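Chemist: need coordinates for the following:
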Amino acid sequence: MADTTITELKQKIAQAHQVIAHLMDKAAFNGAEAHRALDYFGGDTFDRNFLPWPHHGDEGLRPDELNAANDD
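Modeler: I've put the predicted structure just below:
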């Protein structure tokens, strides 16, 4: 990656951290998952399993696996 791209990605992650903190403040949400997100986006490590929902790989989801299909 070019140095510019790396710099921009680091800035984008910093923005994500600020957005999460702002949303937590506005929603008065101070739960463990919110703090976990702040810690993750505030750090330098990548965790492939960070997302709190199941990862389905590159194959995508079938329609019956999408939330919209389960809203009966």
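Chemist: against which helices or strands is the longest helix along the chain packed?
Modeler: Using DSSP state H, we find that the single longest helix of the chain is helix 3-27. Under the contact definition 3 or more CB pairs under 8 Å, 6 or more residues apart in numbering; DSSP states H and E, helix 3-27 sits against helix 32-42. Quick note: C-beta positions are derived from backbone N, CA and C, even for glycine.
Chemist: show me what the helix or strand bottoming out on mean pLDDT in the chain is packed against.
Modeler: Of all helical and strand segments in the chain, the minimum by mean pLDDT, DSSP states H and E falls on helix 32-42, at a mean of 85. Applying 3+ CB pairs under 8 Å, 6+ apart, one finds that helix 32-42 contacts helix 3-27.
Chemist: angle of the helix it packs on against helix 32-42?
Modeler: Angle, helix 3-27 to helix 32-42, by axes from the mean of the first three to the mean of the last three CA atoms, to 10 degrees: 160 degrees.
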